[in-house]
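Asks: quick one, structure for this:
(one chain, ligands or ions: 1)
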Amino acid sequence: MITTIQYNSRKLQIDLLKPLDISIPMRASTSNVNAWYLDAPKIEPVKNGDWIATVKDGACINFNTIEFNPHAHGTHTECVGHITENVYSINQNLKQFFFLAEVITVAPEKLGEDFVISKKQLQFALGNKKRDAVVIRTMPNTTEKLSRQYSHTNPTYLLEAAALYLKQKDIKHLLIDLPSVDKEKDECRLLSHNAFWNTKGKLRLDATITELIYVPNHVEDGEYFLNLQIAPFENDASPSKPILYKVIN
Ligand SMILES: N[C@@H](CC(=O)c1ccccc1NC=O)C(=O)O
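Replies: Model (predicted):
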């Protein structure tokens, strides 16, 4: 099912039958990916006295209540409302869902006790490419990322200059396979979040950050169309399902 997309002056083809899902599924399990010191997400049947809302227990339906945190428990997309006093909702600010994206792979650099992604690394990977979105895969890239327990592990983050560079390149959507673009314990400085969303100037309300993605190794670096879909929560962040389609010519 090949479709041709007129993108500015270019005609780009993708195969809609070959979606590449880069989200992490959310499961009610202690092995679900986790960050920010919360317990595992819960998916439990509604109960009313002796009645349990599962077909195996005699109900005519399965009817679960789900408890999770979008920032902690899986792939999620956030807008500037994540760090502002004014409440901005991702559902009000992400209004388009198809973007030209570049998938890049970086091996984080050691900086003191930390591992970081630098501006230089992004410059090297992106060059003069003009994209709406950048998808960052960090090395090493194993399926252990689907179940990693990130709390208190000081995960890799983006240096402020790297986030500033992406803003200056007018990258609207930043996707990364880490729990945050900032250092886990940074006394709430949130330098990269602030730089990317330009909180000291005109807020980039249409810019989003998607965290806790997983880009499988069979997905090569290069040019893709990104379909970025969220669940329609009115909240700073929502669980999301980014799908890539390789640009075939
Ligand atoms: N770095 C902050 C915490 C933080 O960034 C955070 C805390 C809870 C949930 C999400 C967070 N940041 C996500 O990008 C701090 O040091 O307190």
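
Asks: residues near residue 233, how many?
Replies: Using other Cβ atoms under 10 Å, residue 233 is surrounded by 14 other residues. (Each C-beta comes from the backbone N, C-alpha and C, glycine too.)

Asks: quick one: contacts for it?
Replies: For residue 233, the contact set (Cβ atoms under 8 Å, 6 or more residues apart in numbering) comprises 70, 89, 90, 91, 239.

Asks: try it again at 7 Å.
Replies: By Cβ atoms under 7 Å, 6 or more residues apart in numbering, residue 233 lies in contact with residue 91.

Asks: contact residues of the protein facing the ligand?
Replies: By the rule Cβ under 6 Å from any ligand atom, the part of the chain lying against the ligand is 36, 71, 180, 182, 184, 185, 186, 187, 188.

Asks: wouldn't the third one be in contact with residue 211 here?
Replies: Right, residue 180. Yes. Judged on Cβ atoms under 7 Å, residue 180 makes contact with residue 211 at a distance of 6.2 Å.

Asks: what is the mean pLDDT for stretch 60-71?
Replies: On average, the pLDDT along stretch 60-71 is 98.

Asks: next, the distance between the ends of it.
Replies: One end of stretch 60-71 sits 34 Å from the other (Cα to Cα, to the nearest Å).

Asks: ok, the residues of the chain next to the ligand vs residue 155, which is closest?
Replies: residue 184 (6.0 Å; Cβ to Cβ).

Asks: which residues of this structure score low on pLDDT?
Replies: Of all residues in the chain, none has pLDDT under 70.

Asks: OK, now which residue of it is nearest to the ligand?
Replies: residue 180 (3.7 Å; Cβ to the nearest ligand atom).

Asks: could you look up the SS state of that residue?
Replies: coil (DSSP: H, G, I helix; E, B strand; the rest coil).

Asks: in contact with it, which residues?
Replies: Contacts of residue 180 (Cβ under 7 Å, 6+ apart): 157, 211.

Asks: now with 8 Å, please.
Replies: Contacts of residue 180 (Cβ under 8 Å, 6+ apart): 35, 155, 157, 193, 211.

Asks: turn these into TSV, columns for neighbour count and secondary structure.
Replies: Below are the contacts of residue 180 laid out as TSV (neighbours: other Cβ atoms under 10 Å; DSSP: H, G, I helix; E, B strand; the rest coil):
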residue	neighbour count	secondary structure
35	23	coil
155	20	coil
157	25	strand
193	22	helix
211	22	strand
